[in-house]
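Novice: Provided below are the primary sequence and the corresponding predicted coordinates.
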Protein chains: 2
Amino acid sequence: MNKKEAIDYCINLAKKADENRIRPNPFVGAVILDEADQVIGEGYHQKLGGPHAEVYAIEQALQKTADLSKCSLYLSLEPCSHFGKTPPCADLIIQHKIKKVVIASLDPNPKVASIEKLLAAGIEVEVMNEPSAITLNRRFFTNQLKNRPHYILKLASTIDGKIADYAKNSHWISNAASRQYVHDHLRANVDAILTSYKTVIQDQASLTIRNTTGGIQEANVVIIDKNLELLQTQYEGLPIFYPRTASKIILITAQAPSIQLPENMECITGTFNEQGLVFSSIAAKLLELGYYKILTEAGSQLNSSMIQQNIADELYWFIAPSILNDLNALPMLGLDEFRGLDKKVQLSLIETKLIDQDVLLHYRFN
Amino acid sequence: MNKKEAIDYCINLAKKADENRIRPNPFVGAVILDEADQVIGEGYHQKLGGPHAEVYAIEQALQKTADLSKCSLYLSLEPCSHFGKTPPCADLIIQHKIKKVVIASLDPNPKVASIEKLLAAGIEVEVMNEPSAITLNRRFFTNQLKNRPHYILKLASTIDGKIADYAKNSHWISNAASRQYVHDHLRANVDAILTSYKTVIQDQASLTIRNTTGGIQEANVVIIDKNLELLQTQYEGLPIFYPRTASKIILITAQAPSIQLPENMECITGTFNEQGLVFSSIAAKLLELGYYKILTEAGSQLNSSMIQQNIADELYWFIAPSILNDLNALPMLGLDEFRGLDKKVQLSLIETKLIDQDVLLHYRFN
């Protein structure tokens, strides 16, 4: 296979991983081609703490030939050069005297600096800037480059962009299959669901993951609750406070609580201004707690604020085939900020999907 | 071919017509199968005043055999039974003693009553209610059943449903290819473009049809202008008043003008209430003037009013990959009417299309 084919092959291998098993690590695929450009080894990173893609590929190749000095290694991401949970792959590549390494995308982690190491060992190195390799690790790149969780917004609206009617009734805008999609593909693939205390109360939300047969799986929730309203006795019975054995509620507040929090509940103090939470104030703490990929399911205010703060990374928008035609209905997005057309926020369309009569548009923010 | 195949064949034949050449007539396709269910004649209605589909199909079949008494005729629409611009097709069918007629959809025109006529002549008749045959003649069915023009709404918005920023700047929300699509596929296929005098002034709109090479074709426009504001001297130079040789401006007003209107300009008086024009008051007059299919390109108020009056038939919605995130920006739709979720207007998705990064969603109103 040629270079393009080998890189595509790596990327497809990388995608075989379940991100929930590798996070915070990136997706990585590796292929070794022999002198005749035939695949003699391949692998992908399968599990956090488990072997890297390169290890699988090299081990497999060694079963075919002891001498890799005429072979090329293709990688979807720059190999590691430091001792993390496993020894550095760059060393392994050097040890086996692989002739050439082709890298589809660089690792933005400053601790990773394999290129010089490989070059110094006399290995030919080619670095590409392959868009599909970067797209694949969108979440990882956000974590590394922006030192914050990767935020995914989920919106479900009518054609005229309403998420509820004037009386805040939103049951239901999108169809049952769209709502199931949210459970199966969005909630099930993030570290936590982010919302506001208002939404938790208004929607009587439990924010669990419900599978198609009705089975329920717990999910971590991060709730913005500046004044710890949810700790008031009247809210004790809210669905969000179901008994948790495998998940947590993280409350984002202005001040640490004076009382002892129940088990499975934790508090992060953040900075608030007139517009609400300043997300940069909680970014490091969220990463530290293991929340690398977060799904926002909230009202207009929180979604709009995240867009304004330039921290929204992706948008999944479900459009129902209906129109409310009422200016008093709740809009999907919008702040009171007189933003001119020249200052509009640009997105890129990633994917469109029909879910019965609903349309799902998946965008990334530019 | 079997019945389903013959009906599909008819519908595909019917679609070969250019609707601009047949309006107000419907699309019709006809196929004649011999005893062995082989096609021996086919045709479609090509031109207003020209032969109907049945005539072409029968003429072609007669070239193969003089005896059609063992043949079946498949039709996408009920044959005509009255003298219109051509003699009744039902008579032609009877004259040639065709054995069986299969009709995919009935003609809602009360003057058309072929079924009994054919049955009385001893012809076997099967009537289907084929959705694709009805969809094909959506515009024709609106005209016949509702005695009004078929109205198509065109909207172009950001993801958050804005058609312009707070300062009414809308140049441009959608991309150049989407805008060209409007010229090629929407403006070019209707009898007139409907708008309000406000839009004509605000957008300095000419509402012509611009082809891809920059060539300009005139288009009829229907402008709602209750008090004939556009006749004021200050508006004489508006782009809409380009010299017209093949098109008209129809002004919809509350009262007939006291002055002589320029050539190529005509006035229809309609009823206005607090919400604006009552569309039912001008329906018959528009049909009489030959406006069977009308594209609305206007602001939120007119579009919303048409939806409220339940006369919007189709929606073409272009979604640009951008977000204004500003509550002060101009919304795509909405009246001040406190409409609950249970009263939302339902649509059906007909088609989705990617136009570069814009998404086009085409709906019909249920």
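Specialist: That came through fine.
Novice: could you say what helices and strands the longest helix seen in chain A packs with?
Specialist: The residue-count maximum for a helix in chain A (DSSP state H) belongs to helix A:3-14. If contacts are counted by 3 or more C-beta pairs under 8 Å, 6 or more residues apart in numbering or on different chains; DSSP states H and E, helix A:3-14 sits against strand A:29-33, strand A:39-44, helix A:53-62, strand A:72-75, strand A:100-103, helix A:131-136. Yep, even glycine has a C-beta here, placed from its N, CA and C like the rest.
Novice: ok, residues contacting the following helix or strand past it?
Specialist: Using DSSP states H and E, the helix or strand that directly follows helix A:3-14 along the chain is helix A:19-22. Residues from elsewhere that reach helix A:19-22, judged by C-beta atoms under 8 Å, 6 or more residues apart in numbering or on different chains: A:27, A:45-48, A:139, A:188-189, A:293.
Novice: just the buried members of these?
Specialist: Neighbour-count burial (16 or more other C-beta atoms under 10 Å in any protein chain shown) applied to the contacts of helix A:19-22 gives A:27, A:45-46, A:139, A:189, A:293.
Novice: Could you work out the most separated pair of those residues?
Specialist: A:Gln46 and A:Lys293 (18.0 Å; C-beta to C-beta).
Novice: Chain B is nearest to which of the helices and strands packed on helix A:3-14?
Specialist: helix A:131-136 (14.9 Å; C-beta to the nearest C-beta).
Novice: Sort out which residues of the helix or strand following that closest one are buried, please.
Specialist: Sequence order places helix A:138-146 as the next helix or strand after helix A:131-136, per DSSP H and E. By neighbour count on 16+ other C-beta under 10 Å, the buried set for helix A:138-146 is A:138-144.
Novice: ditto for stretch A:172-179
Specialist: For stretch A:172-179, the neighbour count (16+ other C-beta under 10 Å) marks A:173-175, A:178-179 as buried.
Novice: now swap in stretch A:150-168 and tell me
Specialist: The neighbour-count check on stretch A:150-168 (16+ other C-beta under 10 Å) flags A:150-166 as buried.
Novice: Equivalent analysis for stretch A:318-325, please.
Specialist: Buried positions in stretch A:318-325, judged by neighbour count with 16+ other C-beta under 10 Å: A:318-325.
Novice: Dump those into CSV; add pLDDT and secondary structure as well.
Specialist: Output for the buried residues of stretch A:318-325, formatted as CSV (pLDDT from 0 to 100; DSSP: H, G, I helix; E, B strand; the rest coil):
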residue, pLDDT, secondary structure
A:Phe318, 98, strand
A:Ile319, 98, strand
A:Ala320, 98, coil
A:Pro321, 98, coil
A:Ser322, 98, strand
A:Ile323, 98, strand
A:Leu324, 98, coil
A:Asn325, 98, coil
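Novice: So which of those reach chain B?
Specialist: A:319, A:321-325 (C-beta under 8 Å from any C-beta of the partner chain).
Novice: hmm, back to that, show me the contact partners of the longest helix of chain A.
Specialist: By C-beta under 8 Å, 6+ apart, helix A:3-14 touches A:1, A:27-31, A:33, A:37, A:39, A:42-45, A:53, A:72, A:74-77, A:102, A:104, A:128, A:130, A:132-133, A:136.
Novice: now with 10 Å?
Specialist: The set of residues external to helix A:3-14 that reach it, using C-beta atoms under 10 Å, 6 or more residues apart in numbering or on different chains, is A:1-2, A:22, A:26-33, A:37, A:39, A:42-45, A:53, A:56-57, A:72-77, A:102-105, A:126, A:128, A:130, A:132-133, A:135-137.
Novice: Chain B next: which of the buried residues of helix A:138-146 are close?
Specialist: Among the buried residues of helix A:138-146, no residue is within reach of chain B (C-beta under 10 Å from any C-beta of the partner chain).
Novice: Nearest to chain B: which residue in the stretch 51-200 of chain A?
Specialist: A:Gly161 (3.3 Å).
Novice: give the contact list for the nearest residue to that residue once chain neighbours are set aside.
Specialist: In this structure, A:Gly161 finds its nearest non-sequential neighbour in B:Gly161, 3.3 Å apart by C-beta to C-beta, 6 or more residues apart in numbering or on different chains. Applying C-beta under 10 Å, 6+ apart to B:Gly161 gives the contacts A:157-162, A:331-334, B:155, B:300, B:317, B:319, B:323-324, B:329-334.
Novice: is it true that A:Ile294 touches A:Arg148?
Specialist: Yes: using C-beta atoms under 10 Å, A:Ile294 is in contact with A:Arg148, at 9.4 Å.
Novice: Could you pull out the residues contacting both of the two?
Specialist: Contacts common to A:Ile294 and A:Arg148, judged by C-beta under 10 Å, 6+ apart, are A:286, A:313.
Novice: For the residue nearest to A:Ala61 when sequence neighbours are not counted, list each beta-bridge partner.
Specialist: With C-beta to C-beta, 6+ apart as the criterion, A:Ala61 has its nearest non-adjacent residue at 3.1 Å, and that residue is A:Gly41. The bridge-partner assignment for A:Gly41, based on DSSP bridges, gives A:Ile32.
Novice: Please identify which helix or strand holds A:Ser305.
Specialist: Counting by DSSP H and E, A:Ser305 is part of helix A:300-308.
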